[in-house]
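Q: just to be clear, the model below is a prediction. Sequence and coordinates:
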Amino acid sequence: MAKYVRGMMLAAVIGMVVMTVGCGENEEMAMLRQNYQQAQGDLDNCHDQLAQMRNDRDRWHDQYLAARAENDALRGELAAVPEVPEGWTAVPGGAMIALDAEFLFNSGMAVLRKEAIPKIDEVVATIQSTYPDKEVMVYGHTDADPIKKSKWKDNWELSSQRALTVVRQLLDSGITGGKLVSAGCGEFQPIASNDTKEGRQQNRRVEIYVLDPSVKKASR
């Protein structure tokens, strides 16, 4: 009997051990399964991030190619711009030089100062040597201060007379009359603010354009 009881007890202990081991294996498997699912989720996130990074790379590459193409186009445009003499600015169809009105004229006057005539002669020399086939258009400009003391009716009249004075000097210095045009713009085409002394000084100017005749014909 005692032997039987000892056998039963041993069987119970073995069963408990087996059950304990079995429970441990189930818990371990559950943990492994959870870890696997977590790793799988992390891997999926990595795949999504990699796909996004590839999309970003492709977009940045496209932007780089577009920027490079734009840069190449700008380089081409710059290369196509002809060189102009010192002091001149390239414009479509030709070039332009701006002369300070205070250098050319006394305040409120439209008679060229003697000191300005050599500069006009330099302009004529450049036109004859570099732009012999161009038309010459002279535009007078003023600041926005109204006429008060001089004889002119308004800034438009003053700017027109100054442009005409420069045209006549160009004619006297050898430019063919058929190439010359004069116009006054008054204060209506400023290049700087009329709110400051410096800005007003910049706006008082005479611009001399040398342009291909086709430019004027195309605008008709």
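A: Received it, and whenever you're ready, just let me know what you need. Numbering: from 1, shown residues only.
Q: helix or strand for residue 157, which one?
A: helix 155-172 (DSSP states H and E).
Q: one more: residue 201?
A: helix 197-203.
Q: related to what we said a few turns ago, show me which residues of the helix holding residue 157 are buried.
A: Within helix 155-172, the residues that qualify as buried are 155-167, 169-170, counting by 16 or more other C-beta atoms under 10 Å. In this view, the C-beta of every residue, glycine as well, is placed from N, C-alpha and C.
Q: and the furthest pair within those residues?
A: 155 and 170 (22.4 Å; C-beta to C-beta).
Q: map the structural domains onto the sequence of this structure.
A: Domain assignment of the chain by automatic domain parsing yields the ranges 1-80, 89-219.
Q: okay, those domains, which one's buried deepest?
A: domain 89-219 (a mean of 17; mean count of other C-beta atoms under 10 Å).
Q: I'd like the mean pLDDT over that one, please.
A: Per-residue pLDDT over domain 89-219 has a mean of 94.
Q: show me where the chain has its helices.
A: 2-80, 101-104, 117-130, 155-172, 197-203, 213-219 (DSSP state H).
Q: identify the residue nearest residue 108 in space, chain neighbours excluded?
A: Of all residues not flanking residue 108 in the chain, residue 150 sits nearest, at 3.5 Å (C-beta to C-beta, 6 or more residues apart in numbering).
Q: any idea how far that neighbour is from residue 119?
A: 23 Å (C-beta to C-beta, to the nearest Å).
Q: if we can go back for a sec, quick one: the helix holding residue 157 to chain centroid distance?
A: 35 Å (C-alpha atoms, centre = their mean, to the nearest Å).
Q: who are the packing partners of it?
A: Judged by 3 or more C-beta pairs under 8 Å, 6 or more residues apart in numbering; DSSP states H and E, helix 155-172 is in contact with helix 101-104, helix 117-130, strand 135-141, strand 180-184, strand 205-211.
Q: just to check, residue 93 is in contact with residue 212?
A: Yes. Using C-beta atoms under 8 Å, residue 93 is in contact with residue 212, at 4.4 Å.
Q: make TSV from the helices and strands packed on helix 155-172 and add distance to residue 63 to it.
A: What follows is those, written out as TSV (distance: least, C-beta to C-beta, whole Å):
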stretch	distance to residue 63
helix 101-104	47
helix 117-130	42
strand 135-141	42
strand 180-184	46
strand 205-211	39
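Q: figure out which of the ones you listed is closest to residue 73.
A: Per C-beta to C-beta, nearest to residue 73 of the helices and strands packed on helix 155-172: strand 205-211, 25.0 Å.
Q: give me the helices and strands touching the closest one, please.
A: Counting by 3+ C-beta pairs under 8 Å, 6+ apart, strand 205-211 packs on strand 94-100, helix 101-104, strand 135-141, helix 155-172.
Q: so what's the spatially closest residue to residue 173 that is not a sequence neighbour up against?
A: Leaving out its chain neighbours, the residue that sits closest to residue 173 by C-beta to C-beta, 6+ apart is residue 124, at 4.2 Å. The contact partners of residue 124, by C-beta atoms under 8 Å, 6 or more residues apart in numbering, come to 170, 173-175.
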